[in-house]
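Engineer: below: sequence and its predicted model.
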Amino acid sequence: MPEKTIVVNNRPISHFDFINAVQSYAMESHRKTADQLDADEREQIQELAVERLIARELIFQQALAQGQIADDTAVQQQIDSIRANFPSEEEFYATLAKAGIDRMAYFRMIRQDLTVNQATDAKLAEAAPPDEAQIVAFYQAHPEKMRKSPMVRASHILIRTTPETASEAQQQIAALRQQVLDGASFADLAREHSACPSAAQGGDLGLFGKGKMVKSFEEAAFALKPGEISPVVETPFGLHLIRVTDAEEPRHLELEEVRDQIAAYLKEQNGARLLQNWVEELRQNASIRIDG
């Protein structure tokens, strides 16, 4: 990747930071590494990386000017938390060394990250909460969002299967299904035979909506009425019997049910605009140079 020079108020942003930002945003936006991006994607991601690095540096410099730098204890706690993901302290610092980062440089990097986060959080806290009129207006403007999706509560019995045990597993689950149809307790059979951790709760999986289970399991569960037992259902986990115990039909949500969520969403939007305007103001008063 060509060398890029970014200088904000006479403080350079390292090419190392630029490369890391490009890699991070490539995964975030495209689920690809930077070298897997096509030319248009790469240009888009590099522009994004430059803009966010400049914003980060501007916020950091403003925090320093206001004496809001993260303290040593908070920085060390963050480093210790990251270091805990490595087998040893030696391996952690060896990994940093391979990336060309010494201990003091890493400490400064973490201090900058925490300082920027603290300054950002402080600015977001200034965002005004929405008033009642704004909440009502949003509720009325988005009726398609004010619906509760259908949900079912189901229990299941899972029998694991392999190519070698497929026939035996089919016979076992067919026998269990017949026992249920003959009046045996589904919950007792789940506790005794199910290979799922839910066996301890009699196979109960609780309430769930669409998109939460694998497709074949979901289709079978939502096709049942409360009290009904499914045919044998096959998923990558094995063979299942499913019993639906309750169902909630889709319905329109009243304002009181969604007031808190709407208020939180609108305040988040207010915060995002406040932060964007703040960074733009800092940028207008800054000296910024980008080469490469």
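Structural biologist: Right, received. Where do you want to start? Keep in mind the model is a prediction, meaning the values are calculated, not measured.

Engineer: I'd like to know how many residues surround the residue lying closest to residue 155 once chain neighbours are set aside.
Structural biologist: Closest residue to residue 155 apart from its sequence neighbours, by Cβ to Cβ, 6 or more residues apart in numbering: residue 203 at 3.7 Å. To be clear about C-beta, it is placed using only N, CA and C from the backbone, and glycine gets the same treatment. Other residues lying near residue 203 total 26 when counted by other Cβ atoms under 10 Å.

Engineer: got it, and the one 3 residues further on?
Structural biologist: Residues lying near residue 206 (other Cβ under 10 Å) number 13.

Engineer: could you do the one 5 residues further on as well?
Structural biologist: Neighbouring residues of residue 211 were enumerated by other Cβ under 10 Å; the total is 8.

Engineer: C-terminal to the helix or strand where residue 58 lies, what's the next element?
Structural biologist: In the assignment (DSSP states H and E), residue 58 maps to helix 39-65. Moving toward the C-terminus from helix 39-65, the next helix or strand (DSSP H and E) is helix 72-83.

Engineer: got the confidence number for the residue nearest to residue 155?
Structural biologist: With respect to pLDDT, residue 203 scores 97.

Engineer: and residue 2, by the same measure?
Structural biologist: 64.

Engineer: cool, and residue 71?
Structural biologist: For residue 71, the predicted pLDDT is 94.

Engineer: for the helix holding residue 58, packing partners?
Structural biologist: strand 5-8, strand 11-13, helix 15-30, helix 103-124, helix 255-284 (3 or more Cβ pairs under 8 Å, 6 or more residues apart in numbering; DSSP states H and E).

Engineer: residue 194 is nearest to which of these?
Structural biologist: helix 255-284 (35.0 Å; Cβ to Cβ).

Engineer: returning to what we had before: least confident of the helices and strands packed on helix 39-65, on average?
Structural biologist: Across the helices and strands packed on helix 39-65, the lowest-scoring stretch is helix 15-30, with a mean of 82.

Engineer: pull out the buried positions in it.
Structural biologist: 17-18, 20-23, 25-26, 30 (16 or more other Cβ atoms under 10 Å).

Engineer: ok, and the closest non-adjacent residue to residue 139?
Structural biologist: That would be residue 255: by Cβ to Cβ, 6+ apart, it lies 5.2 Å from residue 139.

Engineer: quick check: phi and psi at the residue nearest to residue 10 when sequence neighbours are not counted.
Structural biologist: Of all residues not flanking residue 10 in the chain, residue 287 sits nearest, at 7.0 Å (Cβ to Cβ, 6+ apart). For residue 287, the backbone dihedrals (degrees, to the nearest 10) come out as phi -100, psi 120.

Engineer: give me the neighbour count for residue 287.
Structural biologist: 9.

Engineer: residue 94 too?
Structural biologist: Count around residue 94 with other Cβ under 10 Å applied: 11.

Engineer: checking it next. Helix, strand or coil?
Structural biologist: helix (DSSP: H, G, I helix; E, B strand; the rest coil).

Engineer: test my guess that residue 248 contacts residue 148.
Structural biologist: Yes: when contacts are counted by Cβ atoms under 8 Å, residue 248 is listed as touching residue 148 (7.3 Å).

Engineer: reformat the buried residues of helix 15-30 as a markdown table; add distance to residue 277.
Structural biologist: Shown next, in a markdown table, are the buried residues of helix 15-30 (distance: Cβ to Cβ, whole Å):
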| residue | distance to residue 277 |
| --- | --- |
| 17 | 25 |
| 18 | 25 |
| 20 | 27 |
| 21 | 23 |
| 22 | 26 |
| 23 | 29 |
| 25 | 22 |
| 26 | 28 |
| 30 | 28 |
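
Engineer: list just the nearest of the residues you listed to residue 102.
Structural biologist: Using Cβ to Cβ, the buried residues of helix 15-30 come closest to residue 102 at residue 17, 15.3 Å.

Engineer: leaving out chain neighbours, which residue sits closest to the closest one?
Structural biologist: The shortest distance from residue 17 to any non-neighbouring residue, by Cβ to Cβ, 6+ apart, is to residue 53 (6.2 Å).

Engineer: how many residues are close by the nearest residue to residue 248 once chain neighbours are set aside?
Structural biologist: Distances taken as Cβ to Cβ, 6+ apart place residue 151 nearest to residue 248, at 4.5 Å, with adjacent residues excluded. Number of residues near residue 151 (other Cβ under 10 Å) recorded here: 18.

Engineer: do you know how far residue 151 is from residue 270?
Structural biologist: 32 Å (Cβ to Cβ, to the nearest Å).
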